[in-house]
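Colleague: Just need the structure, nothing else, for what follows:
(chains A and B, ligands or ions: 2)
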Amino acid sequence: MSTATESTYRPATKVGRVTDFVDQRVGGSPILREFGRKVFPDHWSFMFGEVALYTFVILLLTGTFLTFFFDPSMAETTYAGSYVPLKGVDMSVAYSSSLNISFDIRGGLFMRQVHHWSALLFVASVAVHMLRVFFTGAFRKPRELNWVVGGTLVILSLAAGFTGYSLPDDLLSGNGLRIIDGVVKSIPIVGSYISFFLFGGEFPGSAIIGRLYVLHILLIPAIILLMIAIHLFMVVVHKHTQYPGPGRNDGNVVGYPLGPVYAAKAGGFFFIVFGVVALMAAAFTINPIWNYGPYDPSPVSAGTQPDWYIGWVDGALRLMPGWLFGFPLEWHIPLPWGVNTLSLNVLLPALVPAGIVFTVLFAYPWIERWITKDDREHHVLDRPRNAPTRTAIGMAGFTFYCVMWAAASSDLVATHFHVSLNDVTYWLRALFFIGPVIAYAVTKRIALALQRKDREIALHGRETGRIVRLPHGEFIEVHAQVDDYKRYKLVGFESPEPLPEIVNSDGKVTQAEKLRARLSRVFFEDRVAPATPAELEASHAHGDHEIAESENLKEVAH
Amino acid sequence: MADHSDGTPAGSHAVARAGRSDVEKFQDPGLAPHRLRLADTDPRAAKRAERQVAILFGVSVVGTLLFFIAYFGVRLDDTIATLRLQNLLLGLGVAFAMLGIGTGIVHWARALMPDHEVSEERHEIRTERDRVAAQRIVEDVLEETGIKRRPLIRNTLIGALALAPLPAIAVFRDLGPLPGNALRHTMWKEGTRLVRDPTGTPIKASDVTIGSAFHVIPDGLNELEHGKLEEKAKAVVLLMRLNPESLNPSPGRENWGYNGIVAYSKICTHVGCPVALYEQQTHHLLCPCHQSTFDLTQECKVIFGPANRPLPQLPIKVDSEGYLVAQSDFHEPVGPSFWERG
Ligand code: HEM
Ligand code: FES
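Modeller: Ligands and ions are numbered 1, 2, ... in the order given. Predicted structure coming up:
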């Protein structure tokens, strides 16, 4: 390579010469060869990950601007900025500098609003992206570890959101911290110590905003960045999954080459996301901190809401009763050194639902792998209907989440629909338990029904809505046969059967294996097998009472 | 260019289905035939798309101009309407600037760039040979350290590694002081006047009519140099007057009020929000955070919601000038429960 002789290759174009110049010095050609034409499958549901990435970039950009003006000090000051109603009011420097960003720095309010809207959108897109990955089975081998990285990103984005929300030190965010403090204090043994360490003494103290600031602008974004890097690296290593369809299988990847089409679409999409966030920030006020006033432990207004992603934890706190059928949920435990207090009414709702959600989330790829004993690589996604049990489990979890989330707005629900707040809470308490069960059963039925419909269409074609009268007087509806490509999309899926107990090497069936076999039955007992060529032939053979049309004819007829 | 294979499943091992043989399955027909776009066949359509893209980029330029007009053209005064107007125009400017570029590029890609779907082979992430070799290396390296054969080294290492991070935890000790007795006391003590929040004016018993409610802080709180918010977060009180018959004080608490005037901690015993809503008719106190409801006629017992304990009562009396004052501090810690509370 590096001989003293001159390179003999001379590119003809200017672009070529620049490329070659760089390549001879840093050797970029392998990277270009790997990425320049890398194939990416395209589907609208793959955009959520992109939205997450782009909103994160917007957060970095606007957040950096805000750091130039925001002052995280909790020292007391008297407001002298240009927002008249608060002139002369005592407040923390943090709150006052947030007001200054809004009122005295041109474009500052816009930056704050872009930052807050993209934060909401970021967490939302991360969540929806995760649902897409779950419901399509994209977490299966070899992508389990990337699923774990993704789960970590969910937690990190919640943390990023909450620490940011608390920074302006307004009445609402201070009240949010007060709730956190109450929850922390309920932790057995170390609760009050953690609270004192967190706040640097008694709540609210003068340390917490500065500490949250370091977390919010340094630690959490840095870890998120690292995790995104690992996440995307793994996406490249695995290559993207694709939806099932003609020409797509586990051995290939079908899509558009990165350069130029895919890169252009993805790059253009960044600007579109930015534009949409800018529109939202232009037209819709978010977090008007000047209306709330500085933090003060005494006032509070009803009907205020935390940011949406915190809602489910707040809702869980609301749902839990302090007394259950006359039985107290705060226990006073006599111990040799005195009586200690265990606040199950706070501890359980704060820890248990989130604990269940995140444990199942992280473990799910391995749970399913254990039940199905499926050790193959999967690069073709499942359409959610073709994995009815998984889809039902996902919907059960989603419903569980939504009930808690709805509970965070129980007072708004009550006032809006003119019903008693207590009744709303009782209903939500019941739904907390039966909602997921109903969601599971209904979803599974719907998925199976959709599979049956797919089968119908694959075998008998689509209903056209056109009724014709046959010579002998019978009325029938014309069915349009689907073409081979469309049909393959409907029939090209796996439909595993339950896998009975397997004897281990000692010739025994272990308890765990029995459980696995039972779960396998739950998973795969109800199944709708894909249509087969033989069935298609049979349906054509006695399908003489049907008039089949080709798709193209149908198009002409319209 | 990646090869234009039609992606037949022949090379794939993974599509075999449990319990079904290949004859029972539909054969993959391969990629659907490529359809040409209008712009591929009609140069006029292509020219039109080109102009559209250029117009979209033009929209972006206009958006950027709008931003500058709003930034320098709108003079901020003291009204929130001007601020809103500037925010709207700045936002619209940025939105057009971004959406123009974004939609322009996407339209360009969709209408004019090649839209052939291509198929690329997937390869195993690592071949079996590599995996075997890697595993061998890991095992050999471990073997050469002798860690399995020398448990003494292994165990002392584990011990050292387990202890070494402890300083990193201990060093955070000075994040804050220890709780001590701080959670058990408030500013209230015998003779402290009940004053209005936030003005600090004292309250005469005669000012408190039946059905009224006052937000109360201890006298002297506003004058504190340090720790004002910390003290306030524990000491805020709600003062209400009921018909003395509707109060049902328990033994020992009969004289904690005065003529039907009672004072209760405003800090919710759930997780500490201010219990700010007083329903005069029902004599209920409602916490807006999670809707714990306390019944004033039953010494603020919890009648609904997630709180477990009643709100602590502040014993009050009247001083020689007729002002309401505290008899003592609260008899129990206020606010959320904690482990040492007892
Ligand atoms: C900061 C948040 C996140 C960002 C920026 C992000 C970004 C992306 C992007 C751009 C892709 C490729 C395109 C796509 O499939 O959408 C991707 C794929 C993926 N993400 Fe995320 N993601 C985030 C969070 C998550 C979460 C919360 C999960 C799940 C718990 C997750 C799991 C996955 C998996 C398994 C893939 C590979 C999917 C496939 O190849 O089909 N990600 N991510
Ligand atoms: S803080 Fe009052 S109900 Fe939760």
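
Colleague: Pull the contacting residues for A:A281.
Modeller: With Cβ atoms under 8 Å, 6 or more residues apart in numbering or on different chains as the criterion, the residues that contact A:A281 are A:F110, A:Q113, A:V114, A:W117, B:N87, B:G91. All C-beta atoms are positioned from the backbone trio N, CA, C, and that covers glycine.

Colleague: try 10 Å
Modeller: A:62, A:109-118, B:87-88, B:90-91, B:94-95 (Cβ atoms under 10 Å, 6 or more residues apart in numbering or on different chains).

Colleague: So for the helix or strand where it lies, mean pLDDT?
Modeller: Per DSSP states H and E, A:A281 falls inside helix A:263-283. If you average the pLDDT over helix A:263-283, you get 97.

Colleague: Need the outlier residue of chain A, farthest from its centre.
Modeller: A:H472 (57.1 Å; Cα atoms, centre = their mean).

Colleague: picking up where we left off before, for the helix holding A:A281, buried residues please.
Modeller: Applying a neighbour-count criterion of 16 or more other Cβ atoms under 10 Å in any protein chain shown, one finds A:263-266, A:268-282 buried in helix A:263-283.

Colleague: Now, the contacts of A:A281 that are in helices?
Modeller: Judged by DSSP state H, the contacts of A:A281 include A:62, A:109-118, B:87-88, B:90-91, B:94-95 as members of helices.

Colleague: Can you give the domain ranges for chain A?
Modeller: A:41-298, A:457-518+A:525-557 (automatic domain parsing).

Colleague: right, is the last one up against chain B?
Modeller: Yes. Between domain A:457-518+A:525-557 and chain B, judged by Cβ under 10 Å from any Cβ of the partner chain, the touching residues are A:458, A:483-499, A:529-536.

Colleague: Out of these, which end up buried?
Modeller: Burial by neighbour count, judged by 16+ other Cβ under 10 Å, picks out A:458, A:485-496, A:498-499, A:529-532, A:535-536 from those.

Colleague: what sits against the residue in the stretch 51-200 of chain B positioned nearest to chain A?
Modeller: For the stretch 51-200 of chain B, the residue closest to chain A is B:G91, as judged by Cβ to the nearest Cβ, at 2.1 Å. Contacts for B:G91 (Cβ under 10 Å, 6+ apart) come out as A:107, A:109-110, A:113-114, A:277-284, B:66-67, B:70.

Colleague: With A:H231 instead?
Modeller: Shown in contact with A:H231 (Cβ under 10 Å, 6+ apart): A:G49, A:A52, A:L53, A:L145, A:N146, A:W147, A:V149, A:G150, A:T152, A:L153, A:I224.

Colleague: Distance check, the fourth one against A:E501.
Modeller: By that I understand A:L145. The gap separating A:L145 from A:E501 is 30 Å, by Cβ to Cβ, to the nearest Å.

Colleague: Run the contact check for the lowest-mean-pLDDT helix or strand in chain B versus chain A.
Modeller: Least confident helix or strand, chain B: helix B:38-41 with a mean of 87, by mean pLDDT, DSSP states H and E. No. Using Cβ under 10 Å from any Cβ, helix B:38-41 stays clear of chain A, coming no nearer than 13.6 Å.

Colleague: tell me which strands and helices that helix is in contact with?
Modeller: Applying 3 or more Cβ pairs under 10 Å, 6 or more residues apart in numbering or on different chains; DSSP states H and E, we find helix B:38-41 packed against helix B:43-73, helix B:80-111.

Colleague: of all those, which lies closest to A:R383?
Modeller: helix B:80-111 (25.1 Å; Cβ to Cβ).

Colleague: Could you tell me the angle between that closest one and helix B:43-73?
Modeller: If you take axes from the mean of the first three to the mean of the last three Cα atoms, to 10 degrees, helix B:80-111 sits at 160 degrees to helix B:43-73.

Colleague: what inclination does helix B:80-111 have with respect to helix A:263-283?
Modeller: Using the same axes, to 10 degrees: helix B:80-111 against helix A:263-283 is 160 degrees.

Colleague: roughly how far is helix B:80-111 from the heart of the chain?
Modeller: 29 Å (Cα atoms, centre = their mean, to the nearest Å).
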